[in-house]
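Undergrad: Build me a structure from this.
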Amino acid sequence: MIRIPPYDFEQLVEQALGELPKRFADLLQNVVVIVEEESSDPRVLGIFRGIPRTRRTYDMTSMPDQIAIFRGPILRLARNREEAVAEIRDTVIHELGHYFGLSDDAMPY
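TA: Residues are numbered from 1 along each chain as shown. As a prediction, the model looks like this:
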């Protein structure tokens, strides 16, 4: 397992979000991305908790949707920092795919 301190890991998640194409970044509304240490399933690297944009109605008032990126599983999977950075980026993009209404089968990540 490689070591990336929690603050540095959070910065890598922020970096992944900052690298999103503007056309997608501009569509993010009422969603927060957080880092959690572990998932209840150690194989899960991230999770989307919320209502996909494709299923929302305009009269819905709700708490922000949430994307959790799990630090422990990603660090156990990666063999080096470069792999961790790539896995963080891929996980952020994958979970944002769920936010935009895509299924696992519809995403290459």
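Undergrad: what's residue 45 in contact with, if anything?
TA: Taking CB atoms under 8 Å, 6 or more residues apart in numbering as the contact definition, residue 45 lies against 39, 69-70, 73-74, 77, 87, 91. To be clear about C-beta, it is placed using only N, CA and C from the backbone, and glycine gets the same treatment.
Undergrad: following the helix or strand of the chain with the lowest mean pLDDT, which helix or strand shows up next?
TA: One helix or strand of the chain scores below all others by mean pLDDT, DSSP states H and E: helix 22-25, with a mean of 94. Counting by DSSP states H and E, the next helix or strand C-terminal to helix 22-25 is strand 31-36.
Undergrad: Spatially central, which residue of this protein would that be?
TA: Centroid check for the chain by CA atoms, centre = their mean gives residue 92 as the closest residue, at 3.0 Å.
Undergrad: Take the contacts of residue 45 and keep only those in helices.
TA: For those, membership in helices holds for 73-74, 77, 87, 91, with DSSP state H as the criterion.
Undergrad: Include pLDDT when you put these into TSV, please.
TA: Supplementary listing: the ones in helices among the contacts of residue 45 in TSV, determined by pLDDT from 0 to 100:
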residue	pLDDT
73	98
74	98
77	97
87	98
91	97
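Undergrad: what packs against the host helix or strand of residue 83?
TA: Here residue 83, judged by DSSP H and E, is contained in helix 81-99. Counting contacts by 3 or more CB pairs under 8 Å, 6 or more residues apart in numbering; DSSP states H and E, helix 81-99 is packed against helix 6-18, strand 31-36, strand 46-49, strand 65-70, helix 71-77.
Undergrad: So which of these is nearest residue 58?
TA: Distances from residue 58 to each of the helices and strands packed on helix 81-99 were compared by CB to CB, and the smallest falls on strand 65-70, at 15.6 Å.
Undergrad: any idea how far residue 91 is from the spatially closest residue to residue 43 that is not a sequence neighbour?
TA: Counting by CB to CB, 6 or more residues apart in numbering, residue 43 lies nearest to residue 73, which is 6.9 Å off, once chain neighbours are set aside. For residue 73, the distance to residue 91 (CB to CB, to the nearest Å) stands at 9 Å.
Undergrad: That'll do, ta.
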